[in-house]
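1. structural data only, the sequence is not supplied:
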């Protein structure tokens, strides 16, 4: 194996997981917020590129394709919330008109995917089955893709206290 | 010049100090309960279970429609109360944004009812933040004609402004002298938006809804993008002008918006201490005005607008007097029913003072509604429950007055909905005080008093 090939392999392998800058949440991290259904749960997500022979996965029209690594602690058994058996991860566009089921998750680390929306929400619900066709159960966690924060809110006065 | 400014500032302080109620000791924070003998508690409703309950409040003015609209703030809902029996308000309707658990922001902020033809509507403003659904949503419009039958309440329109996400913080519904009902909204841009509500509720093409933008000549660029915070619009029968009184965060400005598409700036109020210029409410004749700046320890200021209104000066910078409930706190919104000023005074609850002598404001009554710990007000983010350890922004947020009988409604961020009466205040009509009958209350059937009849009236 030549040095060039080794470099390419390393590049592809490295592209699956964006570098950890060590300075707190980065441009691939998603803070997940618990709802009142699950007080005490702590969770976050990280976007990783979906598997691809080209290192960075994109759709034919150029949108990035991600998998979502979710780390959670403190989630109660779904059955404690009602007639539910599992937690299901969804991706939704910000206007909530398009929903995509990404997979099931539980406490610990789970990787689900893929998602290729430009801006999106991650929503985790309790469901009766692992493969529901539509979201029906209660929401337990949600967060926004880093791309969803790219708005002109940085100096919006009304969110610095109430005024 | 520096010396001149110091002298001017001292003059302002002197005028301010002389105008406050003299010799009144401030009450210890832990003793702020109950009220003065002049204020009668009619009812109190705890509207929500959480730490934060309401933002603004609106009461309908027609005797046959006893309805109060409460903005549910971070609860994201709009509530309607039937106060046919004012001592027993009954919640009859509660609408919440779809998928509320996925939203983040300060939510349902300001509500205004209005009437077009024979139909009544309610506009609930919203503010959702970066990364939340509906971050471009400004207001949801309901047809409430069928009340008290809530099955007939319908959402008929939603106003969005994607060019500047963040929603509408404050709004004002105004029956313009040209006959249109206008909806004026703050936005995170250096202007106020003016919508034609007739077009909004009729289902007209959304591109026709926005009929004007009023520039903000007094931005406060340290905060936001230079937008307004709040405003009042009133007709001036003496000059036959529709006048916009804007609080622009960096100062105040008055505009002639008789031609809404071509607003004309008249004068400004800028000067020392005008940071976070928040609210601006004139007397019916535009002679005097009350302003608020949103920072702790600041009083409400009282202004003589004469030299600005008659064109003698382009800018005013010295108030004639000031009023505060407690210098350690901050008063928030107010409604002027000249000479009375009804105040939602945050930690100091409901307060009312009068400007019978504008140089010497006089407190007429109060009722403490916050029942809260000093300086533990609103702030931070949703992740810490919006709790702060420095803010006095908690307690009485909004106030409104029903003109035909003087009933007062107040929304408290911590404790919910309150109804009061003030001894001797049986209602308000400007004529009783030698003024035009002009306040924030609109005559949707006839238009502003003193305005020439408009086409179609």
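-> Good, I have the coordinates. Every value quoted in this text rests on a predicted model; they were computed, and no experiment measured them.

2. every contact and neighbour count from this point should use C-alpha atoms.
-> Noted.

3. what residues does chain B put near chain A?
-> B:101-102, B:105-106, B:129-134, B:164-166, B:169, B:188, B:223-225, B:278, B:294, B:378-381, B:393 (CA under 8 Å from any CA of the partner chain).

4. and if we set it to 7 Å?
-> Where chain B comes near chain A, counting by CA under 7 Å from any CA of the partner chain, the residues are B:101-102, B:130-131, B:133-134, B:188, B:223-225, B:294, B:378-380.

5. what about these, which one has the most neighbours?
-> Greatest neighbour count in the residues of chain B next to chain A, by other CA atoms under 10 Å in any protein chain shown, goes to residue B:188: 27 neighbours.

6. can you map out the helices along chain B?
-> For chain B, applying DSSP state H gives helices covering B:2-19, B:197-202, B:306-309.

7. how near is residue A:105 to residue B:80?
-> Look at residue A:105 and residue B:80: by CA to CA, to the nearest Å, they are 41 Å apart.

8. likewise for residue B:254?
-> Distance from residue B:254 to residue B:80, by CA to CA: 33 Å.

9. out of the helices and strands in chain A, which is least certain?
-> Every helix and strand of chain A was ranked by mean pLDDT, DSSP states H and E. The lowest is helix A:3-16, at a mean of 39.

10. so what's residue 86 up against?
-> All of this refers to chain A. Listed by CA atoms under 7 Å, 6 or more residues apart in numbering or on different chains, the contact partners of residue A:86 are A:78, A:104, A:126-130.

11. you answered for a different chain; I wanted chain B.
-> Neighbouring residues of residue B:86 by CA under 7 Å, 6+ apart: B:42-43.

12. center of the chain - which residue?
-> No chain was given, so I picked chain A. residue A:68 (4.4 Å; CA atoms, centre = their mean).

13. not what I meant, chain B
-> Residue closest to the average C-alpha location in chain B (CA atoms, centre = their mean): residue B:333, at 5.5 Å.

14. ranges for the strands of chain A?
-> Assigned by DSSP state E, chain A shows strands spanning A:29-34, A:42-49, A:66-73, A:86-92, A:99-105, A:108-115, A:121-127, A:139-144.

15. dump these into CSV; add mean pLDDT as well.
-> Below are the strands of chain A laid out as CSV (pLDDT from 0 to 100):
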stretch, mean pLDDT
strand A:29-34, 93
strand A:42-49, 94
strand A:66-73, 96
strand A:86-92, 98
strand A:99-105, 98
strand A:108-115, 95
strand A:121-127, 98
strand A:139-144, 95
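
16. to residue B:385, which of those strands lies closest?
-> Within the strands of chain A, the stretch nearest residue B:385 is strand A:29-34; the backing value is 12.1 Å (CA to CA).

17. for residue B:227, which non-adjacent residue is closest in space?
-> residue B:190 (4.0 Å; CA to CA, 6 or more residues apart in numbering or on different chains).

18. now do the same contact list for the one you found.
-> Listed by CA under 7 Å, 6+ apart, the contact set of residue B:190 reads B:215-216, B:219, B:225-228.

19. and for residue B:257?
-> B:242-244, B:263-264.

20. buried ones among these?
-> Buried members of those, counted by 16 or more other CA atoms under 10 Å in any protein chain shown: B:242-244, B:263-264.

21. for the residues you listed, which one is nearest chain A?
-> Closest to chain A out of those is residue B:244 (20.4 Å), distances taken as CA to the nearest CA.

22. what sits against the closest one?
-> Contact analysis of residue B:244 by CA under 7 Å, 6+ apart lists B:232-234, B:254-257.

23. out of those residues, which comes closest to residue B:208?
-> Nearest to residue B:208, judged by CA to CA, of the contacts of residue B:244 is residue B:257 at 18.4 Å.

24. if I look at the residue nearest to that closest one when sequence neighbours are not counted, how far off is residue B:414?
-> Sequence neighbours aside, residue B:263 is the residue nearest to residue B:257 in space, at 4.6 Å (criterion: CA to CA, 6+ apart). Taking CA to CA as the measure, residue B:263 falls 39 Å from residue B:414.

25. as JSON lines, the strands of chain A with distance to residue B:430 would be great.
-> Rendered in JSON lines, the data for the strands of chain A read as follows (distance: least, CA to CA, whole Å):
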{"stretch": "strand A:29-34", "distance to residue B:430": "51"}
{"stretch": "strand A:42-49", "distance to residue B:430": "58"}
{"stretch": "strand A:66-73", "distance to residue B:430": "62"}
{"stretch": "strand A:86-92", "distance to residue B:430": "54"}
{"stretch": "strand A:99-105", "distance to residue B:430": "56"}
{"stretch": "strand A:108-115", "distance to residue B:430": "62"}
{"stretch": "strand A:121-127", "distance to residue B:430": "52"}
{"stretch": "strand A:139-144", "distance to residue B:430": "52"}
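
26. chain center to the longest strand belonging to chain B, what's the gap?
-> Counting by DSSP E, the longest strand found in chain B is strand B:105-116. Distance, stretch centre to chain centre, for strand B:105-116: 11 Å (CA atoms, centre = their mean, to the nearest Å).

27. contacts for it?
-> Outside of strand B:105-116, the residues within contact range by CA under 7 Å, 6+ apart are B:55-58, B:60, B:69, B:71-78, B:120-129, B:169-173, B:198, B:444.

28. kindly recompute the last result at 6 Å.
-> B:55-56, B:71-74, B:76, B:120-129, B:170, B:444 (CA atoms under 6 Å, 6 or more residues apart in numbering or on different chains).

29. so which bits of that strand are buried?
-> For strand B:105-116, the neighbour count (16+ other CA under 10 Å) marks B:105-115 as buried.

30. out of the strands of chain A, nearest to residue B:300?
-> When these are compared by CA to CA, strand A:29-34 sits nearest residue B:300, at 39.3 Å.

31. and that closest one, what does it pack against?
-> strand A:42-49, strand A:139-144 (3 or more CA pairs under 6 Å, 6 or more residues apart in numbering or on different chains; DSSP states H and E).

32. winner for burial among those strands?
-> Highest mean neighbour count of the helices and strands packed on strand A:29-34: strand A:139-144, a mean of 26 (counted as mean count of other CA atoms under 10 Å in any protein chain shown).

33. what angle separates that one from strand A:66-73?
-> Note on geometry: by axes from the mean of the first three to the mean of the last three CA atoms, to 10 degrees, strand A:139-144 and strand A:66-73 are set 130 degrees apart in direction.

34. partner strands of strand A:139-144, parallel or antiparallel?
-> Looking at strand A:139-144 with DSSP bridges, its partner strands are strand A:29-34 (antiparallel), strand A:121-127 (antiparallel).

35. which other residues reach the last one?
-> Judged by CA under 6 Å, 6+ apart, the contacts made with strand A:121-127 from elsewhere in the structure are A:78, A:84, A:86-92, A:137-145.
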